[in-house]
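1. Just to be clear, the model below is a prediction. Sequence and coordinates:
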Amino acid sequence: MAENRVLIIGGGSGGIIAANLLAEEGKKVTLVTDSPVHFFQPANLFIAFRGEPPEKYSRSVNSLLHQNVELILEKVTKLDLENRFAITEKNRKLDYDVVVVAAGASLDYDSLPGMRESLNRFGDYYSTPQSAVRLWETIRGLKKGKFVIGVPDLIIKCPPAPHKGTFLSASFFKKEKRDVSVELLYPSPHAYTEAELARTIEKKMEEFGNISVRTSFLIDSIDVERKVVVGMNGEEVAYDALAVIPFHKGPKIEINPADARDEDGFIKVDKNKLSISSYDDAYAIGDCTNAPTSKTGVAAHLGAFTVWRRIRGENAVYTGRTNCPMITDNEAIFVISDYENKPVGQRFSKLKRLMEDLFVSMYFPSLMHPRKFEPIFNAYFEATEPSVLGERGW
Ligand SMILES: Cc1cc2nc3c(=O)[nH]c(=O)nc-3n(C[C@H](O)[C@H](O)[C@H](O)COP(=O)(O)OP(=O)(O)OC[C@H]3O[C@@H](n4cnc5c(N)ncnc54)[C@H](O)[C@@H]3O)c2cc1C
């Protein structure tokens with residue numbers, strides 16, 4: 001069959017699920033990725049704000065793959081969509097019949113003055129588990145003063161992650177009875193981009209007592225010597241410790257044709273079919289695409305299923321569905337949306353938090369056996385439909 005050789009670029013959530021689905025199907029799958037280890041990125045929060053060990057959330061990519069997947073541990077430098085091949089940093093040429101790009105987003109710490117110095121000094125919870133360990137050392141060492149979380153841009157993985165960091169750090173300082181306040185610097189006029197959900201969040205932040213949020217704050221620079229974040233209007237916010245969310249860009253792969261990427265390097269896809277530009281033998285899923293939905297593991301997961309079905313010949317479409325739990329220490333809400341529906345306001349609940357914990361424990365098995373876990377995920381998606389959640393929902 002002409003479509004037998006499938007090349008998958010990137011061994012994160014989306015790439016591993018797509019590889020396993022297609023290998024089970026009998027396709028000849030090669031997965032090329034630049035890291036031997038897959039790390040569960042949401043766990044950066046548990047490392048940075050609870051001091052959990054990174055090893056708990058890391059697995060070798062090889063151990064997560066179906067035995068028939070060929071794994072190549074190299075960085076892809078070029079993808080030629082016209083001539084159906086990719087080139088790696090070691091100059092290996094990989095021909096394909098179908099390619100699935102799942103290379104995630106790349107993080108940019110250099111477009112804002114002071115951002116990299118701040119990363120080096122305090123750590124963060126976006127770049128690496130090691131940097132999250134560094135942030136935990138910062139948090140643990142902060143006995144009084146102010147911890148600031150700065151959000152310069154809204155195109156980021158898991159849009160509620162800045163709020164999760166705010167709640168989790170504030171919980172830590174409260175439990176430890178430390179005189180430390182947490183301030184979130186957010187670019188929107190409300191504490192979240194959607195006003196209805198923002199009200200839910202603002203109420204919860206008020207209840208905490210040690211959280212403040214400065215809205216419509218556009219970060220211009222960070223003055224690391226004076227320890228202030230400078231806003232575009234000249235306003236200054238002093239901090240004792242700081243975590244800044246980096247800018248997100250597309251993956252660092254040269255693509256032919258160049259116009260298959262947008263100005264930030266994200267790969268242009270048909271938002272429903274996930275095919276790249278006009279190619280019917282090339283797909284992109286997850287964080288590396290310009291699909292107008294949140295950059296989440298759920299989007300990568302559902303994208304992998306959509307592409308698997310399309311390669312099988314089914315007319316599957318991705319609806320933009322995403323789900324990112326926003327957790328406090330012991331409660332959660334689900335920030336859900338799709339192309340048609342915005343996230344809804346709802347009640348924080350302990351049951352939602354429990355559900356989130358269950359999904360964390362199912363994460364690695366669900367990458368290895370995506371079809372076995374599909375009914376569980378479908379039940380989860382049904383239980384978190386916008387019409388089921390909402391202020392009067394569960
Ligand atoms: C703090 C935080 C909290 C989060 N919380 C949630 C949450 O609660 N729920 C949720 O759904 N999502 C959450 N996310 C987002 C989620 O982790 C990502 O959206 C998801 O990992 C995206 O999967 P992906 O497969 O597209 O990319 P990734 O998982 O990033 O994988 C990309 C892979 O491609 C590899 N790669 C990159 N470039 C190349 C190259 N040139 N050649 C070869 N390989 C390459 C990388 O090494 C990586 O292994 C969170 C993220 C963060 C940082």
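-> Okay, I see it.

2. Could you list which residues are in contact with the residue of the stretch 201-350 of the chain at minimum distance from the ligand?
-> When Cβ to the nearest ligand atom is the measure, the stretch 201-350 of the chain has its nearest residue to the ligand at residue 286, with 2.1 Å between them. To be clear about C-beta, it is placed using only N, CA and C from the backbone, and glycine gets the same treatment. When contacts are counted by Cβ atoms under 8 Å, 6 or more residues apart in numbering, residue 286 touches 10, 12-15, 102, 104, 295, 299-300, 303-304.

3. Weed out the non-buried ones from those.
-> Buried residues within the contacts of residue 286, defined by neighbour count using 16 or more other Cβ atoms under 10 Å: 10, 12-15, 102, 104, 295, 299-300, 303-304.

4. So which of these sit within helices?
-> Secondary structure from DSSP state H places 13-15, 299-300, 303-304 of the buried ones among the contacts of residue 286 in helices.

5. Three-state assignment for residue 77, please.
-> Put simply, residue 77 is strand when judged by DSSP: H, G, I helix; E, B strand; the rest coil.

6. now residue 236: how far from residue 186?
-> With distances taken as Cβ to Cβ, to the nearest Å, residue 236 is found 16 Å from residue 186.

7. Now for residue 267: which residues touch it?
-> Taking Cβ under 8 Å, 6+ apart, one finds 101, 250-251, 255, 260-261, 276, 284, 288-290 in contact with residue 267.

8. Intersect the buried ones among the contacts of residue 286 with the contacts of the ligand.
-> Checked against the ligand using Cβ under 6 Å from any ligand atom, these yield the following neighbours: 10, 12-15, 102, 104, 295, 300.

9. sorry, back to before: quickly name whichever of the buried ones among the contacts of residue 286 is closest to residue 180.
-> Of all the buried ones among the contacts of residue 286, residue 295 has the smallest distance to residue 180: 30.0 Å, by Cβ to Cβ.

10. My guess is the closest one contacts residue 105. True?
-> Yes: here residue 295 reaches residue 105: they are 6.3 Å apart, a contact under Cβ atoms under 8 Å.

11. hey, what's in contact with both of the two?
-> Here residue 295 and residue 105 share the contacting residues 157, 248, 287, scored by Cβ under 8 Å, 6+ apart.

12. partner residues bridging the residue nearest the centre of the chain?
-> The residue lying closest to the centre of the chain (Cα atoms, centre = their mean) is residue 157, at 3.4 Å. As for beta bridges, residue 157 partners with residue 295 under DSSP bridges.

13. so what pLDDT did it get?
-> We have a pLDDT of 97 for residue 157.
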